[in-house]
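>>> coordinates only, sequence not included:
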């Protein structure tokens with residue numbers, strides 16, 4: 001893996017966010033490599049999730065969208081700017 005110099009190394013998470021939890025791969029062979037397109041250096045690996053995890057992520061996003069849609073555009077923009 002490339003030598004990343006992050007001010008906050010906790011930002012590099014080799015997992016996928018599904019709903020409110022991080023989901024990791026069960027084995028190395030179930031991962032996809034993430035590389036720097038400019039150098040080809042390995043940055044990290046992320047889980048190669050299947051149909052069940054994809055369906056769960058879609059369902060979670062659908063549930064979250066209902067609350068998000070109730071907010072005004074100004075409120076949503078303020079949240080995104082803070083983020």
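Right, received. Where do you want to start? The structure displayed is predicted, hence computed values, not measured ones.

>>> the protein: strands as residue ranges?
16-18, 21-23, 31-35, 42-47 (DSSP state E).

>>> so for the first one, mean pLDDT?
Okay, so that is strand 16-18. The predicted model gives strand 16-18 an average pLDDT of 89.

>>> what about the helices in the protein?
51-69, 73-82 (DSSP state H).

>>> which of those helices comes out lowest on mean pLDDT?
Set side by side, these differ in mean pLDDT, and helix 51-69 is lowest with a mean of 91.

>>> what is the neighbour count of the closest residue to residue 20 other than its chain neighbours?
When the adjacent residues along the chain are set aside, residue 20 lies closest to residue 60, with 7.6 Å between them (Cβ to Cβ, 6 or more residues apart in numbering). Heads up, the C-betas are built off the backbone N, CA and C, glycines and all. Around residue 60 there are 15 other residues, counting by other Cβ atoms under 10 Å.

>>> repeat for residue 80
Residue 80 is flanked by 8 other residues according to other Cβ under 10 Å.

>>> measure it to residue 74 for me?
When distance is defined by Cβ to Cβ, to the nearest Å, residue 80 is 11 Å away from residue 74.

>>> same check, this time on residue 8
Here residue 8 is placed at a distance of 29 Å from residue 74 (Cβ to Cβ).

>>> ditto for residue 34
According to Cβ to Cβ, residue 34 stands 35 Å off from residue 74.

>>> neighbour count winner among the two?
Neighbour totals were compared for residue 34 and residue 74, and residue 34 leads with 14 against 8 (other Cβ under 10 Å).

>>> with adjacent residues omitted, what lies nearest to the more buried one?
With Cβ to Cβ, 6+ apart as the measure, residue 43 is the residue that lies nearest to residue 34, at 4.7 Å, once sequence neighbours are left out.

>>> which other residues reach stretch 48-58?
Counting by Cβ atoms under 8 Å, 6 or more residues apart in numbering, the neighbours of stretch 48-58 from elsewhere in the structure are 16, 18-19, 23, 25, 30-32, 47.
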